[in-house]
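Visitor: Here is the input, now give the coordinates:
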Amino acid sequence: MAKMTLDELRSLRDSKKKEMTQRDGDKTAQIVVGMGTCGIAAGAKEAFDAFLDELDNHDVKNTRITQTGCMGLCFSEPTVEVAVPDMPRVIYGNVDADVARRIVKEHIIGKALVSDHIFDKPAKDIIDGETK
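Guide: A predicted model of the protein is given here:
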């Protein structure tokens, strides 16, 4: 690898610092990307990068993105769990870069579920707090 100039190093530092602030801090919404070996093989890294890019493009500051190991839904990898206040916690499956961008626009920003990629969500009685 070629040596980097001081300006290139500063630019790299700034871009990585920006990515890290999306992973930490006091956020109201959360995206968790399954990064087990099956998820990575199915394209979870590309989906993760698309989430970072789309959150940045729309200047979304209230959402933290993290990664976890296998979620146990190997048949629908890459899998992503999304938690937004006043909405059900949802697990999306088959999340490629395009679907990741849709999740940011429709679920995180628009407060609407991306129904064609939902693989798990709580039953209505759990969402409503009923215990029948």
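Visitor: Spatially nearest residue to the spatially most central residue of the chain (excluding sequence neighbours)?
Guide: For the chain, the residue sitting closest to the mean C-alpha position, by C-alpha atoms, centre = their mean, is Ile31 at 3.6 Å. Excluding the flanking residues, the one nearest Ile31 by C-beta to C-beta, 6 or more residues apart in numbering is Ile65, at 4.5 Å. The C-beta positions use only the backbone N, C-alpha and C, and glycine is treated the same way.
Visitor: Can you get me a residue count around the one you found?
Guide: Neighbour count for Ile65, taken as other C-beta atoms under 10 Å: 21.
Visitor: and if you look at Ile109?
Guide: Counted with other C-beta under 10 Å, Ile109 comes out at 16.
Visitor: Give me the local confidence score for it.
Guide: Confidence at Ile109, expressed as pLDDT, is 95.
Visitor: Tell me who's in contact with the closest residue in space to Thr79 that isn't next to it in sequence.
Guide: Leaving aside its chain neighbours, Thr79 sits nearest to Gly34 (4.2 Å; criterion: C-beta to C-beta, 6+ apart). Gly34 is in contact with 44, 67-71, 73, 77-81, counting by C-beta atoms under 8 Å, 6 or more residues apart in numbering.
Visitor: Helices - which of those land there?
Guide: Judged by DSSP state H, these include Ala44 as members of helices.
Visitor: buried set for stretch 63-82?
Guide: Neighbour-count burial for stretch 63-82 flags 63-65, 67, 71, 73, 76-82 (criterion: 16 or more other C-beta atoms under 10 Å).
Visitor: Show the pLDDT at the residue nearest to Thr79.
Guide: For Gly34, the model assigns a pLDDT of 95.
Visitor: bridging residues for it?
Guide: Thr68 (DSSP bridges).
Visitor: Show me where this protein dips below the pLDDT cut-off.
Guide: Applying pLDDT under 70 to the chain flags the ranges 1, 18-26, 121-132.
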